[in-house]
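Q: coordinates for the following, if possible.
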Amino acid sequence: MTGFSSSAQAMSLVAFTTVATITLLLCVMTGPDRDDLDEFYTGYGSLSPMRNGLAIAGDYISAATVLSTGGVIALFGYDGIVLALSTALSLMLLMFLLAEPLRNAGRFTMGDALARRMPGRAVRIAACAVTITALVPMMLIQLAGTGDLLAFILGFSSDSMKTGCIIGIGAMMISYAAIGGMKGTALIQIMKIVMLLGSGAVVAVLLLRRFDWDLGALFSVAARRSGVGDAFLHSGFEFADGKYPRLDMISSQLTVVLGGACLPHVTMRMYTANSAHQVRRSMSWAVTCVAIFVLIITVIGFGATALVGRAAIAGADPTGRTAYLLGSRAAFGTDVSSVETFLFTTVTAALFLTLLASVAGMILACANSLAHDVLAGRRRTTTPQREMTYARVSAVAVGIPTILLATLVQHHNLQPLALLAASISASALAPALVYSLFWRRYTRLGLMATLIGGTVTTIVLMAGSNLVSGSHFASFPDADFNWFPFTTTGIASIPLGFAYGWLGTVVSGRHKAEEQRRQYEAVEGWILAGAVRKGS
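A: Below you'll find the predicted structure:
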């Protein structure tokens, strides 16, 4: 199915087994060897800015990002480039606006940051619920795609084999999170980003060489092979069938920019830095890595269309998720040498590692929040040993239902899940963080209204979008309860998320607002200037 010989497929299988073994050993060797919460949750901030930046970039660039972004570029051209640039802009937003205040306000989880000025179990439970609600859809889409991805690479088609891949890889991801903690998963993220960018750069160079290093020629051939001509190189092609294509595109970009910056598995990496200066340097490395990724994925996406053709890419997968692999394969031509087979194996191993690392980081973020914000708060005094046990049990409690759900939904179009995760992050977490970190009068009622209202609104609007029903590419193509005229919810749910916070604060009354202002001023120096690194 990949166009490579059986020996190449065997080499890929050996590479996958090797990667899995090495990463599991790394987690065992670097995981916390005693019941120390700081070691498990932050790794003592022992990573250098460069390594921490690579880990942040690794968490940010998930398998869904690689495959989906590559697919959008290959299928829709210019609009895909704008999406890729939006991912880089999102990380820059995190770097310049939220990274340092988040590091100063929080300790282990997003619940710590939100509860800094509004202590209480209700805030922590709400933060945990939104964290899990935002990350489970992302884990589902990546786990459910595991079987199809490995089937495409290794050449099998059995549904039972695909299900077995989902269960086996899911179990490994739970092990990474439970055993390795923050430091163990960080090392896996570093391996992943180095392999992904290294192998991707080689493929991009090979593709450019096939077009005599002329990027314009690459774009022209891609436009011709797309079947739509110059429309492939102009804005609006992706949303041309919608009622409001221009607004739909704005909604999509707004969701990616705000949502990507506030996803909990990305923001948790801010707490591993031991100073504001280290946060800035770490984020600089992360932004650089993502910028390189944008260049690589653009060349590979256009290369896939130019060499394979848009129709063939859509035929292999209507969402284009195999475009990255098809472009990588096409870069080597028809006569594949042993060296080129090895290079393609490196590409597939990098994707496999990306899948492992991405979901492991998300499971860790959910487990940390569930253990630290919910379970440990049930008692006035919870020992570090007990909380560590909670965290490891939580990784299993989150991971097993996610694996089971992934096996059930693997044959559906799961594109809405990726957009749902970004939309919840943009509509609930982004307003909550901005208000909590910068608005003095923000009240507890406003925070709860933002978290709950933004999440519920996003779910309701997404259920009415054409990605769920009412179109041939929907998750339920035979049903039609489509009433929301946009593909993503951001254009409506993001303003509403901010409005809920403002309205909840107004309803709280002037007395509560003044009380919150005084509480904020008491911690303002810690949050904005990092005057003190205070535990929660």
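Q: would you state the helices of the stretch 301-450 of the chain in chain order?
A: Listed in chain order, the helices of the stretch 301-450 of the chain (DSSP state H, counting those that start in this stretch) span 310-316, 323-330, 338-369, 384-409, 415-424, 430-438, 444-463.
Q: output the contacting helices and strands for the fifth one.
A: Taking 3 or more Cβ pairs under 8 Å, 6 or more residues apart in numbering; DSSP states H and E as contact, the helices and strands that helix 415-424 lies on are helix 63-76, helix 121-154, helix 245-262, helix 444-463. C-beta: built from backbone N, CA, C; applies to glycine.
Q: returning to what we had before: ok, which of the helices of the stretch 301-450 of the chain comes nearest residue 208?
A: helix 323-330 (12.0 Å; Cβ to Cβ).
Q: show me what the closest one is packed up against.
A: helix 63-76, helix 181-210, helix 276-308, helix 310-316, helix 338-369.
Q: report the mean per-residue pLDDT for the last one.
A: The average pLDDT within helix 338-369 is 84.
Q: got it, and the third one?
A: With pLDDT averaged residue by residue, helix 276-308 scores 91.
Q: again, but for the second one
A: Over the span of helix 181-210, the pLDDT mean works out to 89.
Q: same question for that helix: list its buried residues.
A: Residues of helix 181-210 classed as buried: 181-193, 195-197, 199-200, 202-204, 206-208, 210 (neighbour count, 16 or more other Cβ atoms under 10 Å).
Q: just the last one next, same as before
A: By 16+ other Cβ under 10 Å, the buried positions in helix 338-369 come out as 340-341, 343-369.
Q: please tabulate the helices and strands packed on helix 323-330 in TSV, including the columns distance to residue 40.
A: Listed next are the helices and strands packed on helix 323-330 as TSV, based on distance: least, Cβ to Cβ, whole Å:
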stretch	distance to residue 40
helix 63-76	25
helix 181-210	4
helix 276-308	20
helix 310-316	42
helix 338-369	8
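Q: what about the worst-scoring helix or strand of the chain on mean pLDDT, distance to the chain center?
A: Within the chain, no helix or strand scores below helix 37-42, which has a mean of 73 by mean pLDDT, DSSP states H and E. Here the centre of helix 37-42 is set off from its chain's centre by 22 Å, with Cα atoms, centre = their mean, to the nearest Å.
Q: other residues contacting it?
A: With Cβ atoms under 8 Å, 6 or more residues apart in numbering as the test, helix 37-42 has contacts from 32, 44, 107-109, 181-183, 271-272, 368, 372, 384, 387-388, 391.
Q: please pick the buried ones from the residues you listed.
A: Counted by 16+ other Cβ under 10 Å, the contacts of helix 37-42 give 32, 107-109, 181-183, 271-272, 368, 372, 387-388, 391 as buried.
Q: in terms of model confidence, name the weakest of the residues you listed.
A: Minimum confidence in those sits at residue 32, scoring 70.
Q: what sits closest to that residue if chain neighbours are left out?
A: Excluding the flanking residues, the one nearest residue 32 by Cβ to Cβ, 6 or more residues apart in numbering is residue 39, at 4.2 Å.
Q: and for residue 500?
A: Residue 500 sits nearest to residue 453 (Cβ to Cβ, 6+ apart), 3.7 Å away.
Q: wait, isn't residue 302 in contact with residue 222?
A: Yes: Residue 302 lies in contact with residue 222 (Cβ atoms under 8 Å); the separation is 4.4 Å.
Q: closest one of the contacts of helix 37-42 to residue 18?
A: residue 183 (21.9 Å).
Q: distance between the one helix or strand residue 82 maps to and the chain's centre?
A: Assigned by DSSP states H and E, residue 82 belongs to helix 78-93. Helix 78-93 sits 13 Å away from the centroid of its parent chain (Cα atoms, centre = their mean).
Q: now do that helix against helix 245-262, angle only.
A: Between helix 78-93 and helix 245-262, the angle comes out at 30 degrees (axes from the mean of the first three to the mean of the last three Cα atoms, to 10 degrees).
Q: okay, now the unreliable bits of the stretch 401-536 of the chain?
A: Counting by pLDDT under 70, the stretch 401-536 of the chain has low-confidence residues at 530-536.
Q: export the helices of the stretch 301-450 of the chain to JSON lines and tack on distance to residue 57?
A: Shown next, in JSON lines, are the helices of the stretch 301-450 of the chain (distance: least, Cβ to Cβ, whole Å):
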{"stretch": "helix 310-316", "distance to residue 57": "27"}
{"stretch": "helix 323-330", "distance to residue 57": "17"}
{"stretch": "helix 338-369", "distance to residue 57": "11"}
{"stretch": "helix 384-409", "distance to residue 57": "23"}
{"stretch": "helix 415-424", "distance to residue 57": "18"}
{"stretch": "helix 430-438", "distance to residue 57": "20"}
{"stretch": "helix 444-463", "distance to residue 57": "26"}
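Q: please consider this matter closed, and thank you.
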